[in-house]
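[1] I would like the atomic coordinates for the input below:
(chains A and B)
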Protein chains: 2
Amino acid sequence: MFAVIFRAKPGVQDSQYIETVTKMRDLAFEKYGCLDFVAVTEGDQEIAISYWQSELAIKRWKSDAEHTLAQDLGRAKWYESYIVQVVEIKREYKYNL
Amino acid sequence: MFAVIFRAKPGVQDSQYIETVTKMRDLAFEKYGCLDFVAVTEGDQEIAISYWQSELAIKRWKSDAEHTLAQDLGRAKWYESYIVQVVEIKREYKYNL
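    Model (predicted):
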């Protein structure tokens, strides 16, 4: 399994931002096979992680036309800075899950 | 580069918890070569990510005696549940960093 770690410093997050996040999340699950998504924000730090079956699914999602537009808007106003890390999950262990 | 994603639902986090987190963080950096550490909590969701040069460094850190004790206390009271994912970073890209 693969994941995309998104760590960001939020910028100006208006109502269009909220709408877009919801839309992008639905699109990722419904059209690109996103397996799971978690996002946590505290102060000026956001961490979001999405999970995927393959790197190909991640590449397809990254180049989706609506998602590309959302990424452009993200850089233009919603995020001051961010880092995206594509990772492969080597092993995992759980407690009480 | 490798990372450890820790996603948790906090339990009862007392003053000993705060002390232990600080101590463990210092130990990870000073003795085990941890490269970076970020942690974000919102409501009942915590995500923390630590970064490492190798899987061996992660294994050594996991089995450190003080860290093992901290993990035991984590399960006993500080966390209701958690998942740990050891990942390899395949590629990354940055905006404004």
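[2] Please report the distance of the spatially closest residue to A:W78 that is not a sequence neighbour from A:L69.
    Nearest non-adjacent residue to A:W78, counting by Cβ to Cβ, 6 or more residues apart in numbering or on different chains: A:Y17, 5.0 Å away. In short, each C-beta sits where N, CA and C put it, glycine included. Separation of A:Y17 from A:L69 (Cβ to Cβ, to the nearest Å): 13 Å.
[3] Between those two, point out the one with more neighbours.
    Just comparing A:Y17 and A:L69: by other Cβ atoms under 10 Å in any protein chain shown the higher neighbour count belongs to A:Y17, 18 against 12.
[4] Now that one: phi and psi?
    When read as degrees, to the nearest 10, the backbone of A:Y17 gives phi -60, psi -50.
[5] so it touches A:A70, yeah?
    No - judged on Cβ atoms under 8 Å, A:Y17 makes no contact with A:A70 at a distance of 9.4 Å.
[6] What angle do strand B:36-42 and the helix or strand hosting A:V38 make with each other?
    Per DSSP states H and E: A:V38 is located in strand A:36-42. Orientation check (axes from the mean of the first three to the mean of the last three Cα atoms, to 10 degrees): strand A:36-42 against strand B:36-42 gives 90 degrees.
[7] So for strand A:36-42, what gets flagged as buried?
    The neighbour-count criterion (16 or more other Cβ atoms under 10 Å in any protein chain shown) identifies A:A39, A:V40, A:T41 as the buried residues of strand A:36-42.
[8] As TSV, those residues with pLDDT would be great.
    Below are those laid out as TSV (pLDDT from 0 to 100):
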residue	pLDDT
A:A39	96
A:V40	97
A:T41	96
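[9] closest to chain B among the residues you listed?
    A:V40 (4.5 Å; Cβ to the nearest Cβ).
[10] and the closest one, what does it touch?
    Neighbouring residues of A:V40 by Cβ atoms under 8 Å, 6 or more residues apart in numbering or on different chains: A:E46, A:I47, A:A48, B:V40, B:T41, B:E42, B:Q45, B:E46, B:I47.
[11] now the third one, nearest residue through space, not along the chain?
    Nearest residue to A:A48 in three dimensions, chain neighbours excluded: A:A39, at 3.9 Å (Cβ to Cβ, 6+ apart).
[12] Columns distance to A:K77 on top of the buried residues of strand A:36-42, output as JSON lines?
    Below are these laid out as JSON lines (distance: Cβ to Cβ, whole Å):
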{"residue": "A:A39", "distance to A:K77": "18"}
{"residue": "A:V40", "distance to A:K77": "21"}
{"residue": "A:T41", "distance to A:K77": "17"}
